[in-house]
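> just a sequence and a predicted model for now, questions to come.
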Amino acid sequence: MGFDQQTWKSAAEAFAVLVERQASKRAFLDWFLAFHPPKGLSATDWMEVVPPVAEAVNGLGWMTPGDRDYVSSRILDFVQQAFTELWPSGCQPDAALDAMKGFMTWVESQPDDTVVRFCWELMSFDRTFTPAPVWALKHSGRLAGAISYDSLELAVALWDEAETMYWWPEERWAVMSWDAASTPYTKLLSHDSYLVRAAAAMALGRLFFGLHTKTESRIVPALSNLLVMIRDRERITPGVAGPFLCGAVWGIAPDEWSSFADGFDMESWFIQTLRHSGQEREVPHIQSLEFYAHELFSDDANAIREFLMMGRKELAVMTATDRPSAIPDLLPVLEEMSASSDPEIAAAIREYLSVKTHHAGMQHLNK
């Protein structure tokens, strides 16, 4: 079912019926998949649908926790779209927020990662203005400390710089200097906010990669020296190593990396960095060190055991369950994990060995 101006009201009514009859997750998913709002909504149209859908986030008590979380996340995505792509001229932000107080209270109650992701998507859509929900979260005090509004704003700006660098032509790179351009990003690696540190590290990685691959002079630090610096920073302030690799397109551009890696032992660097650093925080659109590690070591039983000894059980399970084709080679360590005294690890690996599909069993981990 598609939506046009004439069926807009029926869309709102259909959603209300789903709530009234306590519909299944599948029924809600079907509604969201069919939702194709027309362009040029009026403020009246917007207010007719968006607040009721948003407010439903507090009325899903009949669902299992897993289904409720899934539908809630779809509602969150819907509201994000409503305040960006669908925001109509003439709609009053205060009136919109007043009609969805329950939703905003729910957002405030969510973990930092959820709040950050919601605000990040709103703030990065159009840098010329900040959507009303972000201001509301700022004024309520929810955006504070490491996820303050100022830190979010700076992190999004740095991430945007890194993304823009990816598309620079060679003529733009030709006028860049590592010493001058890298200084601000390097300074921000010690910022109080993990969001800013991650975004700065991503920009630094993108700068390194661009100067190495888009310029002839290549007056850039050796990869080995730079990665030692990143490793040392990671020990003090976790969450910069993965973003640096993300910016430097690790694993995506193997030919380019081979031109400047110069035999550097990346596997040893990964193990040393993970062994002596703390846990990373999730940052939107930026890959973590553990993400890259689980792909690099997906057929390495010794590395998986090492991750377990480090106390990184999620990484160990994620790595062990990454490639079903590697099960025969990893069977000894998989059997050890299935007999683990940690019930979460044991349950995850037993399911993986039974189902033999990518990352089967990960849901057993209490993240």
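Thanks, I have the structure now.
> am I right that G263 sits in a helix?
No: read with DSSP: H, G, I helix; E, B strand; the rest coil, G263 is coil and lies in no helix.
> separation between it and L152?
Noted for G263: a distance of 40 Å to L152, by C-beta to C-beta, to the nearest Å. Any C-beta I mention is one placed from the backbone N, CA and C, and that applies to glycine too.
> list the contacts for D112?
A146, I147, R281 (C-beta atoms under 8 Å, 6 or more residues apart in numbering).
> now do S193
G145, A146, I147, S148, S151, L154, A155.
> returning to that earlier point: which of G263 and L152 has more neighbours?
L152 (27 against 6; other C-beta atoms under 10 Å).
> quick check on T84: phi, psi?
Dihedral pair for T84: phi -120, psi -90, per degrees, to the nearest 10.
> thought it was touching M123?
No: judged on C-beta atoms under 8 Å, T84 makes no contact with M123 at a distance of 9.8 Å.
> still on that earlier bit, could you export the contacts of S193 as JSON lines, including distance to Y70, secondary structure and pLDDT?
Shown next, in JSON lines, are those (distance: C-beta to C-beta, whole Å; DSSP: H, G, I helix; E, B strand; the rest coil; pLDDT from 0 to 100):
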{"residue": "G145", "distance to Y70": "29", "secondary structure": "helix", "pLDDT": "97"}
{"residue": "A146", "distance to Y70": "27", "secondary structure": "helix", "pLDDT": "97"}
{"residue": "I147", "distance to Y70": "24", "secondary structure": "helix", "pLDDT": "98"}
{"residue": "S148", "distance to Y70": "29", "secondary structure": "coil", "pLDDT": "98"}
{"residue": "S151", "distance to Y70": "29", "secondary structure": "helix", "pLDDT": "98"}
{"residue": "L154", "distance to Y70": "32", "secondary structure": "helix", "pLDDT": "98"}
{"residue": "A155", "distance to Y70": "27", "secondary structure": "helix", "pLDDT": "98"}
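> of the residues you listed, closest to L29?
Comparing the contacts of S193 against L29 with C-beta to C-beta places I147 closest, at 29.4 Å.
> you'd agree the closest one is up against V116?
Yes: in terms of C-beta under 8 Å, I147 counts as a neighbour of V116; the distance is 5.4 Å.
> can you name the residues that contact the most centrally placed residue in the chain?
Nearest to the centroid of the C-alpha atoms of the chain, with distances taken as C-alpha atoms, centre = their mean, sits P284, at 3.2 Å. Neighbour list for P284: V116, R117, W120, E121 [criterion: C-beta under 8 Å, 6+ apart].
> out of the residues you listed, which are buried?
Applying a neighbour-count criterion of 16 or more other C-beta atoms under 10 Å, the buried members of the contacts of P284 are V116, R117, W120, E121.
> near R21, how many other residues are there?
Neighbour count of R21, defined by other C-beta under 10 Å: 10.
> show the pLDDT at it.
pLDDT, the model's per-residue confidence, is 94 for R21.
> next, it: phi, psi?
When read as degrees, to the nearest 10, the backbone of R21 gives phi -90, psi 10.
> contacting residues around Y149?
Y149 touches V134, L137, K138, L143, counting by C-beta under 8 Å, 6+ apart.
> go again using 10 Å as the cut-off
C119, M123, T130, V134, W135, L137, K138, H139, R142, L143 (C-beta atoms under 10 Å, 6 or more residues apart in numbering).
> which one of those residues is nearest to F209?
M123 (25.5 Å).
> got the CA coordinates for the helix or strand that contains that closest one in CSV?
M123 is part of helix 112-125, with elements assigned from DSSP states H and E. Extracted in CSV, the C-alpha atoms of helix 112-125 (Å, rounded to 0.1, in the frame of the first residue of the first chain):
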residue,chain,number,x,y,z
ASP,A,112,23.5,7.2,25.4
ASP,A,113,24.2,5.3,22.2
THR,A,114,20.5,5.5,21.2
VAL,A,115,20.3,9.2,22.1
VAL,A,116,23.5,10.0,20.2
ARG,A,117,22.5,8.1,17.1
PHE,A,118,19.1,9.9,17.0
CYS,A,119,20.7,13.3,17.5
TRP,A,120,23.6,12.6,15.1
GLU,A,121,21.2,11.8,12.2
LEU,A,122,19.1,14.9,12.9
MET,A,123,22.1,17.2,13.1
SER,A,124,24.0,15.8,10.0
PHE,A,125,21.0,16.0,7.6
